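Trainee: Just need the structure, nothing else, for what follows:
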Amino acid sequence: MKPTDSELEILQVLWQNGPVTVRYVHEQLAKNKDVGYTTTLKLLQIMQEKGFVSRTEESRSHLYTAAVGQTETQQTLLSRFVDNTFGGSTTQLVMQALGNHRASADELQQIRELLNQIEQQP
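Mentor: Numbering: from 1, shown residues only. Below you'll find the model as predicted:
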């Protein structure tokens with residue numbers, strides 16, 4: 001099961017900040033869009049049911065933590081995206097990305113280093 005866009009926004013907050021309260025998640029989301037506190041709470045409850053987050057009670061507050069890893073989630077979503085959008089071709093994905101967005105010299109160097117590492121693998 002893949003997270004929705006709203007659930008991904010919440011996961012980003014949890015991945016970056018660790019265990020936090022509903023209020024904290026809500027405040028972070030409210031910086032970029034109009035969202036109600038009860039909507040944030042309901043999304044977190046749904047995400048707990050789906051297994052995306054876990055909840056612990058500390059004093060009188062409930063703390064939410066991401067129950068799915070950032071890297072694994074990104075890899076799953078990227079694989080689906082590449083399969084569905086580029087017919088499974090990572091070459092087409094990279095060509096499209098580099099053709100439409102100017103990469104900095106530092107980013108290009110990082111890409112070169114990654115390609116060198118990949119080429120050296122057995």
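Trainee: Quick check: which helices or strands does the helix or strand of the chain with the lowest mean pLDDT pack against?
Mentor: Sorted by mean pLDDT, DSSP states H and E, the helices and strands of the chain end with helix 90-100, the least confident at a mean of 86. In this structure, helix 90-100 makes packing contacts with helix 70-86, judged by 3 or more Cβ pairs under 8 Å, 6 or more residues apart in numbering; DSSP states H and E. For every residue, glycine as well, the C-beta is placed using N, CA and C.
Trainee: Tell me how many other residues surround the residue nearest to Gly51 when sequence neighbours are not counted.
Mentor: The shortest distance from Gly51 to any non-neighbouring residue, by Cβ to Cβ, 6 or more residues apart in numbering, is to Ala67 (5.8 Å). Using other Cβ atoms under 10 Å, Ala67 is surrounded by 15 other residues.
Trainee: ok so, going back, so after the least confident helix or strand of the chain, what's the next helix or strand?
Mentor: Sequence-wise, the next helix or strand downstream of helix 90-100 (DSSP states H and E) is helix 105-120.
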